[in-house]
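1. would you be able to build a 3D model of this:
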Amino acid sequence: MKERSAVLKHGLLLFLLAAALLTVPVLADMGPKPQLTVRVENGPEELYYLDLLEEGEPYPYPDQVPGGLKGNYGEELETLDQDLLAAFTAAVPEGWHACVAQGDLVWGRIGSQDGCFTFSYMLPSTFRILLVTKSGETFLSEPMERQALQCSLTVDWATKTVKSPPLWKGYIVQFLATFLPTLAIEGLLLLLFRLWSKRNALVFLGVNLLTQGGLTLWMSVGVVHGGANGISMLSSDYFSLFTRIQSWLDSLCYEAEGISPRLLPAELVILLAEAALYRKLFRDCSKRKAVLYALAANLASFLLGLYLAEPVWKFVVDTML
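-> Numbering: from 1, shown residues only. As a prediction, this is how the structure comes out:
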């Protein structure tokens, strides 16, 4: 009787988490996202704008996908220096376009108070960095390849050079940006489900090291070998059924002005893997309770990850890179 009552309580908790999840816009999942942080060292003392450049014309989706100046600034768009903005767009070389200033699909801002610029979502695999100051000075980098799903670059204004940390640091950063909030959220639920014991805690840690590490490696290899399209390539090659489901959800999310869940195939695999491992390895609980915990933990990390992913990523990048 007690076991049945506990299962009902945990089922109710799972239902509440699912209901909460359905009441917020579908923006992202807990897995790592494409993101590029650009820091400016010895930056200009005057006002300046910085943006990523992508070869070709902007994507023709201004009314479907948020991004660009309108999506990033909204009503603040009028506060931008219009003369500097005009000079910036005029400095974009022929055959290229500025991802935020002239594009639609990249999240980011071209101005910064602290010299740190973060760009995310549909990042180009090959890009350049353009910096233009109020007085008309410019810096334009050579074309560069994005080597990891999440990475960081430093522009030294004094020497007019771009530096990047070793690739292995990028892998560690994107792993920690996913792993740390996952441990916090799912560890709290482990306590709420009264599953905490030395053995179960070690199982919980090991399973998350396995799944989050595998996700980071899988996504990173996809980007390194396939550029910005590496995610879709891996989905098509190894998760064709999930890719069809994902494509259907993509169309719904675009119409609802949200960002599509690009990592849905990997997240579903993680959910199934964790449920199976917890069911087999957890002690002092029923198999049903272990599976319910896996479902609740993944729903919770999905939901709260919408709010924690960006600040955790910035903290880890500032600490390590």
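2. which SS class is the residue lying closest to Ser164 once chain neighbours are set aside?
-> Distances taken as Cβ to Cβ, 6 or more residues apart in numbering place Leu153 nearest to Ser164, at 5.1 Å, with adjacent residues excluded. C-beta coordinates here come from the backbone N, C-alpha and C atoms, glycine included. Reducing the assignment at Leu153 to three states with DSSP: H, G, I helix; E, B strand; the rest coil gives strand.
3. what is the burial count for the nearest residue to Gly136 once chain neighbours are set aside?
-> Distance criterion Cβ to Cβ, 6+ apart; nearest residue to Gly136, sequence neighbours excluded, is Ala87 at 6.4 Å. Counted with other Cβ atoms under 10 Å, the burial measure for Ala87 works out to 17 neighbours.
4. so who does Val203 touch?
-> When the contact criterion is Cβ atoms under 8 Å, 6 or more residues apart in numbering, the partners of Val203 are 277-278, 281-282.
5. shouldn't it be within a helix?
-> Yes: looking at Val203 with three-state DSSP, it is inside a helix.
6. pLDDT score for it?
-> With respect to pLDDT, Val203 has a value of 96.
7. all helices of this structure, in order?
-> Along the chain, the segments classed as helices by DSSP state H run 2-22, 68-73, 82-90, 167-192, 198-226, 230-238, 240-255, 264-281, 287-320.
8. before we move on, the earlier item: count of neighbours near the residue nearest to Ser164?
-> The number of residues packed around Leu153, counting by other Cβ under 10 Å, is 21.
9. burial count for Leu125?
-> No, residue 125 isn't Leu; it's Ser. If you count neighbours by other Cβ under 10 Å, Ser125 ends up with 17.
10. that older thread, buried ones only from the contacts of Val203, please, as a PyMOL command.
-> Command for PyMOL that selects the buried part of the contacts of Val203, burial taken from 16 or more other Cβ atoms under 10 Å:
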select buried, resi 277+278+282
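11. farthest-separated two in the contacts of Val203?
-> Taking Cβ to Cβ, the two most distant members of the contacts of Val203 are Leu277 and Phe282; they sit 8.7 Å apart.
12. related to what we said a few turns ago, who is the residue nearest to Ser164 paired with across the strands?
-> Residues found in beta-bridge contact with Leu153 (criterion: DSSP bridges) are Val38.
13. touching, it and Gln35? I think so.
-> No: with contacts defined as Cβ atoms under 8 Å, Leu153 does not count as touching Gln35, sitting 11.7 Å away.
14. wait, isn't Ser120 in contact with Leu105?
-> No: using Cβ under 8 Å, Ser120 makes no contact with Leu105, being 10.3 Å away.
15. and the gap between the closest residue to Glu274 other than its chain neighbours and Glu54?
-> The shortest distance from Glu274 to any non-neighbouring residue, by Cβ to Cβ, 6+ apart, is to Ala294 (4.7 Å). Taking Cβ to Cβ, to the nearest Å as the measure, Ala294 and Glu54 are separated by 40 Å.
16. kindly report the same for Gly71.
-> In this structure, Gly71 and Glu54 are separated by 16 Å, where distance is defined by Cβ to Cβ.
17. okay, those two: which has more neighbours?
-> Neighbour comparison, Gly71 and Glu54: the larger count goes to Glu54, with 24 against 20 (by other Cβ under 10 Å).
18. OK, contacts around the more buried one?
-> When contacts are counted by Cβ under 8 Å, 6+ apart, Glu54 touches 96-97, 99, 103, 124, 126-127.
19. equivalent analysis for Leu80, please.
-> Listed by Cβ under 8 Å, 6+ apart, the contact partners of Leu80 are 69, 73, 110-111.
20. equivalent analysis for Leu304, please.
-> Leu304 makes contact with 181, 185, according to Cβ under 8 Å, 6+ apart.
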